[in-house]
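K.L.:
need coordinates for the below:
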Amino acid sequence: MAGKTVTVTVSRRTAWRVLGLVEMEAEEQGYGNFPGGDPRDFTPDPECSTDEERAAHARDCDAMNAGGQALMPSTARWENGSHWHESGYGLGTYVIRNPKWIAIRDELRAAMKDGA
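P.N.:
Next up, the predicted model:
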């Protein structure tokens, strides 16, 4: 990243604490329905997903690994006049990655490694 360089002097403890805060913003982990994005960042819970949902997830991960697009089943449906959203992969764990915070995290990690 081109730009001006700024030098800030802080204690090692503070630098590591700032890195920890940035890491929390870079990647959010949770449990629930697939939040969208890359299906490889989601792991279906075998106790809360069906064989069909896990097969759809595996198919979409394979497609992404091959450089293609995930087919991702529709998550919206109408029932009795109400609009519902459901997960095509069942419940599971997920990671949401924020590219801007990841770039900051990686730059801080490199600086900490060089100056650790």
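K.L.:
give me the residue at the spatial middle of this structure.
P.N.:
Using CA atoms, centre = their mean, the residue of the chain that lies closest to the mean C-alpha position is residue 96, 2.4 Å off.
K.L.:
name the SS class of that one, please.
P.N.:
Here residue 96 is strand, with the state taken from DSSP: H, G, I helix; E, B strand; the rest coil.
K.L.:
so what's it closest to, chain neighbours aside?
P.N.:
Counting by CB to CB, 6 or more residues apart in numbering, residue 28 is the residue found nearest to residue 96 once chain neighbours are left out, at 4.5 Å. Yep, even glycine has a C-beta here, placed from its N, CA and C like the rest.
K.L.:
distance of the residue nearest to the centre of the chain from residue 47?
P.N.:
Computed with CB to CB, to the nearest Å, the distance linking residue 96 and residue 47 is 22 Å.
K.L.:
with residue 11 instead?
P.N.:
Using CB to CB, which is the criterion applied here, residue 11 is 45 Å from residue 47.
K.L.:
what pLDDT, on average, does the lengthiest helix in the chain get?
P.N.:
For the chain, the helix with the greatest residue count under DSSP state H is helix 99-115. Here helix 99-115 scores 90 as its mean pLDDT.
K.L.:
got a list of what the residue nearest to the centre of the chain touches?
P.N.:
By CB atoms under 8 Å, 6 or more residues apart in numbering, residue 96 lies in contact with 27, 28, 29, 30, 35, 37, 41.
K.L.:
can you say which of the residues you listed are buried?
P.N.:
Restricting the contacts of residue 96 to buried positions leaves residue 41, with burial counted as 16 or more other CB atoms under 10 Å.
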